[in-house]
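>>> Sequence unavailable; structure follows:
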């Protein structure tokens with residue numbers, strides 16, 4: 001099962017218009033997000049770090065380390081976004097170990113990209 005499978009049938013989602021802020025860098029976060037439809041840009045200090053596509057997630061660090069957001073997120077296109085709170089996140093991690101592995105894989109991939117930029 002891929003990440004898209006966890007969220008593609010989600011009935012609860014929020015729609016964002018292109019250019020709308022999903023969350024701001026430096027703010028406290030208690031949700032991660034999965035892109036059901038559309039594209040989301042992850043922005044740090046005015047630079048686009050990544051464009052997240054449908055079937056992928058962002059904002060997971062807020063649930064892992066409870067620190068302020070290290071980057072912001074803005075809808076690049078009109079989007080449908082599934083919010084995942086800590087309770088649902090922990091349920092997915094406990095009940096579906098592959099979900100936890102996919103989150104760790106994505107975090108490691110993003111860290112490696114940042115290391116290459118340095």
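Great, that's in hand. Model, not experiment: these values are computed from the prediction.
>>> Next, the buried residues of the top helix by length along the chain.
Identified as the longest helix of the chain according to DSSP state H is helix 97-117. Using 16 or more other C-beta atoms under 10 Å as the test for burial, helix 97-117 gives 99, 102, 103, 106, 110. Yep, even glycine has a C-beta here, placed from its N, CA and C like the rest.
>>> Equivalent analysis for stretch 80-92, please.
By neighbour count with 16+ other C-beta under 10 Å, stretch 80-92 contains the buried residues 80, 81, 82, 83, 84, 89, 92.
>>> nearest to residue 40, of those?
Among the buried residues of stretch 80-92, residue 81 lies closest to residue 40 (C-beta to C-beta), at 7.3 Å.
>>> Name whatever forms a beta bridge with that closest one.
On DSSP bridges, the residues paired with residue 81 through beta bridges are residue 14, residue 35.
>>> Contacts only, for it.
Residue 81 makes contact with 13, 14, 15, 16, 22, 33, 34, 35, 36, 38, 40, 75, according to C-beta atoms under 8 Å, 6 or more residues apart in numbering.
>>> mind running it again at 6 Å?
Taking C-beta atoms under 6 Å, 6 or more residues apart in numbering, we find residue 81 in contact with 13, 14, 33.
>>> One more: residue 49?
Residue 49 neighbours (C-beta under 6 Å, 6+ apart): residue 42.
>>> so is it in a helix, a strand, or just coil?
strand (DSSP: H, G, I helix; E, B strand; the rest coil).
>>> separation between it and residue 112?
13 Å (C-beta to C-beta, to the nearest Å).
>>> And residue 18, by the same measure?
Per C-beta to C-beta, residue 18 is found 29 Å from residue 112.
>>> What is the neighbour count of residue 32?
Each residue near residue 32 was counted by other C-beta atoms under 10 Å, and the total is 21.
>>> Counting by contacts, list what whatever helix or strand it lives in packs against.
According to DSSP states H and E, residue 32 maps onto strand 31-37. With contacts taken as 3 or more C-beta pairs under 6 Å, 6 or more residues apart in numbering; DSSP states H and E, strand 31-37 sits against strand 57-58, strand 79-85.
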